[in-house]
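> got a structure for you, letters missing:
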């Protein structure tokens with residue numbers, strides 16, 4: 001089994017061009033299944049084995065989303081094995097995934113976003129960390145980037161004249177997204193005051209590319225200082241970006257392009273409306289409002 005997992009992960013890396021993070025998750029999920037079947041020969045794995053594996057996951061109280069992800073990894077794996085001729089029949093074809101819980105994404109109000117961004121500022125002209133932190137939050141909110149996309153930004157990815165960013169997203173897919181004037185001005189101020197010259201946009205305190213962990217740490221610091229509700233994360237900026245665009249009239253297809261979603265269904269989770277927006281529409285539309 002191990003050698004087939006290795007072949008599959010190489011296929012994901014080379015042919016599918018998946019990110020290292022995605023490949024690692026697939027590998028871990030498949031290794032978990034391999035432990036369950038305890039060295040069983042690949043050709044002997046059948047539908048019943050897979051049903052038992054599914055039952056074990058449920059007994060361990062894994063959520064539906066986690067179970068679905070593990071089954072998705074197995075589906076891709078067995079599809080690959082069939083296509084390459086390593087097995088004759090696909091044992092997972094008849095197995096259905098559990099229904100995922102539909103949870104609304106958390107987001108900040110416009111006032112909360114403003115308060116959070118305003119909490120980052122340069123205490124002195126030499127405080128480039130404060131300028132950097134504010135620029136990071138401005139870029140998050142202005143362009144709706146994933147945290148991995150933000151830390152991967154280089155200076156060459158920014159067109160200051162046209163106001164656009166070139167983003168390398170999931171699966172190394174590139175897309176172009178606009179960036180607001182406020183965010184650009186903040187970036188320019190940060191670049192003007194930092195001492196280290198580098199092709200990397202956001203540097204940490206050791207003048208190396210800031211990591212996702214570093215960004216999460218600085219956000220946690222500012223969230224605590226301005227007292228915003230718990231549970232807010234770097235990804236909440238992305239949720240807020242999409243929610244605020246839709247609440248102000250942007251169409252779903254445009255938001256899909258901006259977020260870099262492959263499927264419109266991924267973007268549809270943002271079609272929820274805030275209570276204020278619902279009340280506003282109700283007051284205008286209902287005859288007895």
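Good, I have the coordinates. It should be emphasised that the depicted structure is a prediction, and the values quoted were computed from it without experimental measurement. Numbering: from 1, shown residues only.
> May I see the buried residues of the longest helix anywhere in the chain?
Across the chain, the longest stretch assigned as helix under DSSP state H is helix 64-83. Within helix 64-83, the residues that count as buried by 16 or more other CB atoms under 10 Å are 67, 69, 70, 71, 73, 74, 76, 77, 78, 80, 81, 82. (Each C-beta comes from the backbone N, C-alpha and C, glycine too.)
> how is the protein carved up into domains?
2-83, 110-280 (automatic domain parsing).
> Now do the end-to-end distance for the shortest one.
Between the opening and closing residues of domain 2-83 lies a distance of 18 Å (CA to CA, to the nearest Å).
> from the domains of the chain, which stretch is densest packed?
Highest mean neighbour count among the domains of the chain (mean count of other CB atoms under 10 Å): domain 110-280, with a mean of 16.
> can you give me the mean pLDDT across stretch 270-287?
Stretch 270-287 shows a mean pLDDT of 68.
> In the stretch 101-250 of the chain, where is pLDDT below threshold?
For the stretch 101-250 of the chain, the stretches with pLDDT under 70 are 101-105, 125, 171, 230.
> again, only this time at 80
The stretch 101-250 of the chain contains residues with pLDDT under 80 at 101-106, 122-126, 169-173, 227-232.
> which residue ranges form the helices in it?
110-118, 128-143, 147-151, 181-193, 212-226, 234-247 (DSSP state H, counting those that start in this stretch).
> Residue 158: which of these is closest?
Distance to residue 158, taken as CB to CB, is lowest for helix 181-193 among the helices of the stretch 101-250 of the chain, at 7.0 Å.
> Name the residues that touch that closest one?
Outside of helix 181-193, the residues within contact range by CB atoms under 8 Å, 6 or more residues apart in numbering are 122, 125-126, 128, 131-132, 134-135, 138-139, 141-143, 155, 158, 160, 163, 201.
> still on that earlier bit, and the helices of the stretch 101-250 of the chain: which comes nearest residue 6?
The closest of the helices of the stretch 101-250 of the chain to residue 6 is helix 147-151. By CB to CB, the value is 25.0 Å.
> starting at the chain centroid, how far to that closest one?
With CA atoms, centre = their mean, to the nearest Å as the basis, helix 147-151 stands 9 Å off its chain's centre.
> likewise stretch 140-151?
9 Å.
> again, but for stretch 22-32
Relative to its chain's centre, stretch 22-32 lies at 18 Å (CA atoms, centre = their mean).
> pLDDT on that stretch, on average?
For stretch 22-32, mean pLDDT is 91.
> just stretch 1-8 next, same as before
Mean predicted confidence for stretch 1-8 is 90.
> same deal with stretch 61-79?
According to the model, stretch 61-79 has a mean pLDDT of 88.
> How about stretch 83-96?
87.
> From start to finish, how long is it in a straight line?
Note: stretch 83-96 ends 21 Å apart using CA to CA.
> What residues of it count as buried?
87, 91, 92, 95.
> Return the subset of those lying in strands.
Residues of those located in strands (DSSP state E): none.
> want to throw the residues you listed into a markdown table with distance to residue 213?
What follows is the buried residues of stretch 83-96, written out as a markdown table (distance: CB to CB, whole Å):
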| residue | distance to residue 213 |
| --- | --- |
| 87 | 40 |
| 91 | 39 |
| 92 | 36 |
| 95 | 37 |
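> Among the residues you listed, which one sits closest to residue 38?
Relative to residue 38, the closest of the buried residues of stretch 83-96 is residue 91; by CB to CB it sits at 16.6 Å.
> and that closest one, what does it touch?
Here residue 91 is in contact with 45, 46, 47, 49, 50, 78 (criterion: CB under 8 Å, 6+ apart).
> returning to that earlier point: for residue 11, which of the helices of the stretch 101-250 of the chain is the nearest?
When those are compared for distance to residue 11 using CB to CB, the nearest one is helix 147-151, at 22.2 Å.
> Please name every helix or strand in contact with the closest one.
Helices and strands touching helix 147-151, by 3 or more CB pairs under 8 Å, 6 or more residues apart in numbering; DSSP states H and E, are helix 128-143, helix 212-226, helix 234-247.
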